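Peer 1: my questions concern the predicted model and sequence given below.
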Amino acid sequence: MLTTKPRFQTFEEYLQYDDNLELEVRGEPKNRYPDLTIIREEHIQQLSKRNTLRLFMSPPLLVIEVVSPGEIQRERDYIAKRIQYQDCRIPEYWIVDPQRQTISILQLTGDSYKEVGNFSQDDLIKSPMFQELRLTVSEVFQLTS
């Protein structure tokens, strides 16, 4: 049987398309970060709906990307996602790298990101968007151990 991908004439057609995909959670997710909300069964219904930003929605003020292990994922997290977030006009973007124990902060200036700083160890994280934040890189990584 031959399967073809649908073609959409408008963005609204895309959003209304039902691809019959279902999201499944197996087992109880581990919560290494007790102050953060974890995904539970009751959230599945919401997550299974299209997770698409509509054109009229404002972008989030901040995206924090945790770098995945492996070279392909590292390249995706440092390069490809940076371009995607830049195109979405997200004002501030953090790259948290557990392997290197660093946090890079980028700020959207004009149409591209400029690096605000690359922080490690006991450096105080300096966020242009959240200037009241008083947190060191070592404190962030202590939360994950």
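Peer 2: Right, received. Where do you want to start? The structure presented is a predicted model; accordingly, all values stated were derived computationally and were not measured.

Peer 1: what does stretch 80-92 contact?
Peer 2: Stretch 80-92 is contacted by residues 53, 59-63, 65, 93, 95, 105-108, 111-113, 127-129 when judged by Cβ atoms under 8 Å, 6 or more residues apart in numbering. Every C-beta, even on glycine, is put in place using the N, C-alpha and C of the backbone.

Peer 1: can you say which of those residues are buried?
Peer 2: When the contacts of stretch 80-92 are checked for burial by 16 or more other Cβ atoms under 10 Å, the buried set is 63, 65, 93, 95, 105-106, 108, 113, 127.

Peer 1: before we move on, back to that, so which of the contacts of stretch 80-92 belong to strands?
Peer 2: The members of those that map onto strands under DSSP state E are 62-63, 65, 93, 95, 105-108, 112-113.

Peer 1: can you redo those residues as TSV with distance to Gln84?
Peer 2: What follows is these, written out as TSV (distance: Cβ to Cβ, whole Å):
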residue	distance to Gln84
Leu62	15
Val63	9
Glu65	10
Tyr93	10
Ile95	13
Ile105	17
Leu106	13
Gln107	16
Leu108	13
Ser112	13
Tyr113	11
